[in-house]
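> Sequence and predicted structure below; questions after.
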Amino acid sequence: MTAPRVRFAPSPTGYLHVGGARTALFNWLLARKTGGTFILRIEDTDRERSTEAHTQVILDGLRWLGITWDEGPLFQGAFGDRHRADAERLVLERTGYRCFCTREELDAQRAVAERGGGRFRYNGRCRALTPDDIRSRLDAGQPFTIRVRMPDGEIAWDDAVHGRISFQGHDLDDFVVLRSDGTAIYNLAVVSDDIEMRITHVIRGDDHVSNTPKQIVLYRALGHEPPIFAHVPMILGADGKKLSKRHGATAVGDYQNLGIFPAAMRNFLALLGWSPGGDREIMPEAELIALFSLDGIQSKPAVFDTVKLEWMNGQYLSATPAEELLPAVETQLGVLGVSAAGRSLLPVIDAVKARSRTIVQLAEQVAVRVHGPRGTPDDKGAALMRKMGPAFQANLQLAANELAAMPPAEWTPDRLLERLKAVADGHGLKLGDALQPIRVALTGSTVSEPVNELLAIVGPIASVDRMRAAAVA
RNA sequence: GGCGCUAUCGUCUAGGGGACUAGGACGGGGCCCUCUCAAGGCCCAAACACGGGUUCGAAUCCCGUUAGCGCUACCA
């Protein structure tokens, strides 16, 4: 068997949707696994809605995910001549015919059919036009579309994910393949291009299964065997409906902005509707490629669970050394409008890594440690202050005075803990009552790394300053 | 309405006639650790949609019901 040739063929009418990204990923995985070729084709035949900006966003999203293409991007709009020639060939070979029905006539028929509760079907009026009819209409300059003559009988294929899927030709219309302006309709453009590009496996969303019988008819009419089809299930929102904007973040770029790692996104997307079997969850790229197979693809739709995505991102985050995190953290600090204040961020990153699931969360915590909490304590911090009342300030003042007396050279986690324990003991305080106010003063939150480590990260001068400021506030 | 697809814990899934007391992961609950929260470790609750077949035996195969989703354009 020759190496597979697969393609991802988005239309640039919107952002790169996570469903599209997953389709691209499956295609890419198959190509990389088999030594095949992954082709990127931009389906820009809808002139109204396609934009250059959307194309750029899709390319960027793919690159961000590490999905690299071997050929393309090819623009479908450039192949209009071939599409038209294919349509004309259908007419010549009588597998297609010219239809002179006007849009108005068709719309009227459709309106009637829908009022009756049924579905509109083309009545086949132009199927049997005589050559004379056709010539006179042509001479009169009547516009026409080209339709395909839908054969009777079964049209079926062995889908790589669903198994055998079968349609009856008589349930399908004689569909239009060429508009009256001479441009191709989707189904023709796809088949014409897939033939030209020698595509062997068409991996796409389930929403295309009802296009497949039409495309199979076109393959045969154009004298080619259909490729292998693999229809991957839809991605749903938490409410079980097809994932869309109202579910929140659906564009790949949204997740990039949220601080998700490409590797985590790729891993998560791969597992949405595909499983290598067994218990594998966290898989690096090489393993994903090695294990990928079309038979592992689920046939039912999957709900997109952002909580699990974040968990997975946290796994990648904690496995990534601070040095590798640094550039992304610096970028994110820039977004927050905050500087590194001339200090090394590496120890700070290490201190807060375990408590972050995304780069955004990580950078926020770094910013707090470098610059102090912005604004008032969060809800829990404020609640703690209320609960402790005057003791909060008193304990904080006490600790500040003790720590201020420590020589900077002794300002290490171990010595700090020793000192703090001694202070608490000496004043009959529970360790927590001595430490929590410090945590709140330094971070504005009741959550952080151990207080002694926090103090070491923030440093002697800033720590004492912030504690004293909070003690009088 | 028609056509098509699908149905295992709340979610992602393993399983593909006996290995099932249905496994793992997220999320939830509990315990350990502990100055807090995470992380980590241990434990718990939680599912084969329903009804018929086939079979010695069905989560697994077949049929039906129900439900969900998709498509139903001179959009892609």
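That came through, no problem.

> how about stretch A:183-197, does it reach RNA strand B?
Yes. Applying CB under 7 Å from any atom of the strand, one finds stretch A:183-197 in contact with RNA strand B at A:Thr183, A:Ile185, A:Tyr186, A:Asn187, A:Ala189. The C-beta positions use only the backbone N, C-alpha and C, and glycine is treated the same way.

> what's the closest of those to RNA strand B?
Nearest to RNA strand B among the residues of stretch A:183-197 next to RNA strand B: A:Tyr186, at 3.1 Å, using CB to the nearest atom of the strand.

> got a list of what the closest one touches?
Counting by CB atoms under 8 Å, 6 or more residues apart in numbering, A:Tyr186 makes contact with A:Glu43, A:Thr45, A:Asn211.

> so the last one makes contact with A:Asn187?
Yes. Between A:Asn211 and A:Asn187 there is a contact under CB atoms under 8 Å: 5.8 Å.

> and these two? which has more neighbours close in?
Neighbour count, other CB atoms under 10 Å: between A:Asn211 and A:Asn187, A:Asn187 has more, with 19 against 16.

> quick one: the more buried one and A:Val176, what's the gap?
Distance of A:Asn187 to A:Val176, computed by CB to CB, to the nearest Å: 9 Å.

> helix, strand or coil for A:Arg98?
strand (DSSP: H, G, I helix; E, B strand; the rest coil).

> What is the burial count for the closest residue to it other than its chain neighbours?
Once flanking residues are discounted, A:Arg98 sits nearest to A:Phe144: 4.3 Å by CB to CB, 6 or more residues apart in numbering. If you count neighbours by other CB under 10 Å, A:Phe144 ends up with 20.

> Scan chain A for its longest helix.
What stands out as the longest helix in chain A, according to DSSP state H, is helix A:18-34.

> Just the buried residues of it, please?
A:18-34 (16 or more other CB atoms under 10 Å).

> Could you do stretch A:320-335 as well?
Buried positions in stretch A:320-335, judged by neighbour count with 16+ other CB under 10 Å: A:Thr320, A:Ala322, A:Leu325, A:Ala328, A:Val329, A:Gln332, A:Leu333.

> Go back to those residues and keep what's next to RNA strand B.
Among the buried residues of stretch A:320-335, no residue sits close to RNA strand B (CB under 7 Å from any atom of the strand).

> Output the below-cut-off pLDDT ranges for the stretch 1-150 of chain A.
Applying pLDDT under 70 to the stretch 1-150 of chain A flags residues A:1, A:116-119.

> Show me the helices in it, by range?
Here the stretch 1-150 of chain A has its helices, by DSSP state H, counting those that start in this stretch, at A:18-34, A:52-65, A:80-92, A:103-115, A:131-139.

> Relative to A:Thr200, which of those is closest?
Nearest to A:Thr200, of all these, is helix A:18-34, at 9.8 Å by CB to CB.

> pull the CA atoms of that closest one into CSV?
C-alpha atoms of helix A:18-34 as CSV (Å, rounded to 0.1, in the frame of the first residue of the first chain):
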residue,chain,number,x,y,z
VAL,A,18,-11.5,23.1,18.4
GLY,A,19,-13.5,20.6,16.4
GLY,A,20,-11.6,21.6,13.3
ALA,A,21,-8.4,21.5,15.2
ARG,A,22,-9.1,18.0,16.3
THR,A,23,-10.0,16.9,12.7
ALA,A,24,-6.7,18.4,11.6
LEU,A,25,-4.9,16.6,14.4
PHE,A,26,-6.3,13.2,13.4
ASN,A,27,-5.3,13.8,9.8
TRP,A,28,-1.8,14.9,10.9
LEU,A,29,-1.4,12.0,13.3
LEU,A,30,-2.2,9.5,10.6
ALA,A,31,0.2,11.1,8.2
ARG,A,32,3.0,11.2,10.7
LYS,A,33,2.3,7.7,11.8
THR,A,34,2.4,6.2,8.3
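
> does it come close to RNA strand B?
No. Helix A:18-34 stays clear of RNA strand B (CB under 7 Å from any atom of the strand), getting no nearer than 10.0 Å.

> Same check on stretch A:288-304?
Yes. If you take CB under 7 Å from any atom of the strand as the test, stretch A:288-304 does meet RNA strand B, through A:Gly296, A:Gln298, A:Ser299, A:Lys300, A:Pro301, A:Ala302, A:Val303.

> Phi and psi next, for A:Ala251.
Main-chain dihedrals, A:Ala251, degrees, to the nearest 10: phi -90, psi 140.

> Measure how buried it is and give me the count.
Counted with other CB under 10 Å, A:Ala251 comes out at 18.

> Can you check the pLDDT for the residue sitting furthest away from the middle of chain A?
Distance from the C-alpha centroid of chain A peaks at A:Gly426, with 56.1 Å (CA atoms, centre = their mean). pLDDT, A:Gly426: 88.
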